[in-house]
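*Asks:* give the three-dimensional model of this entry:
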Amino acid sequence: MSSPSRRSSSPDSNIEGGSGSGSAGDERKRKRMLSNRESARRSRARKQQRMEELIAEASRLQAENARVEAQIGAYTAEFGKVDGENAVLRARHGELAGRLQALGGVLEIFQVAGAAVDIPEIPDDPLLRPWQSPFAPQLAATGADAFQF
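*Replies:* Reported below is the predicted structural model:
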């Protein structure tokens, strides 16, 4: 492409600048081309560096994702185990509460019949009441939502 201000073919340019004016334009063009090439090289290098950084970050995020998924799996397994134990304990509690109620009914029958029944006093020991916490009740998150991140 030639610029409109360039006068390489006019006879006046040979008089004013001599034959060196055409070579000065060529020199500027050559310098500009070298500058553009260097700029393009730097741009490609920056692009390559950014690509390598993104690949490294993607790799790091994939590793972190795998670690978090493994942790979620472990928490899910632990939750399943605790939930199963809780179900067993609830069933056992229901069974024992039914037996206690039945024994209370038997004692009433003995007392109504006039039989002497000596019932020992049960000490107020929290270890004898494992279903009741010796501490004040606290709200706790339960269910699958307890392990969300």
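
*Asks:* convert the C-alpha atoms of stretch 48-59 to PDB, please.
*Replies:* Only the C-alpha atoms of stretch 48-59 are listed here, as PDB (Å, rounded to 0.1, in the frame of the first residue of the first chain):
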ATOM      1  CA  GLN A  48       1.200 -19.100  25.300                       C
ATOM      2  CA  GLN A  49       2.000 -18.100  28.900                       C
ATOM      3  CA  ARG A  50      -1.600 -17.400  29.700                       C
ATOM      4  CA  MET A  51      -2.600 -20.700  28.100                       C
ATOM      5  CA  GLU A  52      -0.100 -22.600  30.300                       C
ATOM      6  CA  GLU A  53      -1.400 -20.800  33.400                       C
ATOM      7  CA  LEU A  54      -5.000 -21.700  32.500                       C
ATOM      8  CA  ILE A  55      -4.000 -25.300  31.900                       C
ATOM      9  CA  ALA A  56      -2.200 -25.400  35.300                       C
ATOM     10  CA  GLU A  57      -5.300 -23.900  37.000                       C
ATOM     11  CA  ALA A  58      -7.600 -26.300  35.300                       C
ATOM     12  CA  SER A  59      -5.400 -29.200  36.500                       C
END
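
*Asks:* buried residues in it?
*Replies:* Buried residues in stretch 48-59, counting neighbours by 16 or more other Cβ atoms under 10 Å, are absent. Yep, even glycine has a C-beta here, placed from its N, CA and C like the rest.

*Asks:* helices of this structure, start to end?
*Replies:* Here the chain has its helices, by DSSP state H, at 11-16, 20-112.

*Asks:* quick check, pLDDT for residue 77.
*Replies:* pLDDT, residue 77: 96.

*Asks:* if I look at it, how far off is residue 67?
*Replies:* The gap separating residue 77 from residue 67 is 16 Å, by Cβ to Cβ, to the nearest Å.

*Asks:* re earlier: save the helices of the chain as a markdown table, and put in distance to residue 121 too.
*Replies:* A markdown table is the format used below for the helices of the chain (distance: least, Cβ to Cβ, whole Å):
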| stretch | distance to residue 121 |
| --- | --- |
| helix 11-16 | 125 |
| helix 20-112 | 14 |
